[in-house]
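[1] what would the 3D arrangement of this be:
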Amino acid sequence: RTAGMEVLALSPFIRGWKLEEIGEKENAPGILLRWVAQSTLVDKVIVSMRKPEYVRGNLQILKQGQLSISEQERLVGWVNRFK
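    Presented below is the predicted three-dimensional model:
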């Protein structure tokens, strides 16, 4: 950033996280997407999607807004598990 460059998040959780090990395959992708999209450390998020319904689904997830306290606690638990 000091050099005037933006920070991009590419495939923020599929390659970087082992969703099976998190054990919440239903909720984890949405929580992780919302977290990275709201992070002050990231300027833009690039997520590859092969089908239009994936785009629509991700847009709906992002409309949920900020993570709840419960979701933040779950996220911290996942991160601590992989340290």
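
[2] ok, Val47 touching Gly57?
    No. With contact defined as C-beta atoms under 8 Å, Val47 does not count as touching Gly57 (10.9 Å). Using the backbone N, CA and C atoms, a C-beta is placed for each residue, glycine as well.

[3] and the helix ranked longest in the chain, what does it pack onto?
    Looking across the chain with DSSP state H, the single longest helix is helix 69-81. When contacts are defined as 3 or more C-beta pairs under 8 Å, 6 or more residues apart in numbering; DSSP states H and E, helix 69-81 packs onto helix 19-22, helix 28-38.

[4] run the chain-centre distance for the shortest one.
    A distance of 14 Å separates the centroid of the chain from that of helix 19-22, by C-alpha atoms, centre = their mean, to the nearest Å.

[5] where among the helices and strands packed on helix 69-81 is average confidence lowest?
    Ranked by mean pLDDT, the helices and strands packed on helix 69-81 bottom out at helix 19-22, with a mean of 76.

[6] what residue ranges in the protein score low on pLDDT?
    Residue ranges of the chain with pLDDT under 70: 1, 10-18.

[7] quick check: buried residues in the helix or strand in which Gln60 is found?
    Element membership for Gln60, per DSSP states H and E: helix 52-62. If you call a residue buried by 16 or more other C-beta atoms under 10 Å, then helix 52-62 has these buried ones: Asn58.

[8] spatially nearest residue to Gly65 (excluding sequence neighbours)?
    Arg34 (7.6 Å; C-beta to C-beta, 6 or more residues apart in numbering).

[9] got the contact list for that neighbour?
    Counting by C-beta atoms under 8 Å, 6 or more residues apart in numbering, Arg34 makes contact with Ile61, Leu62, Gln64, Gly65, Gln66, Leu67, Glu71.

[10] can you flag the buried ones in those residues?
    Buried members of those, scored by 16+ other C-beta under 10 Å, are Leu67, Glu71.

[11] let's have the contacts of Arg34 in a markdown table, adding distance to Glu21.
    Output for the contacts of Arg34, formatted as a markdown table (distance: C-beta to C-beta, whole Å):
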| residue | distance to Glu21 |
| --- | --- |
| Ile61 | 21 |
| Leu62 | 25 |
| Gln64 | 24 |
| Gly65 | 27 |
| Gln66 | 26 |
| Leu67 | 20 |
| Glu71 | 18 |
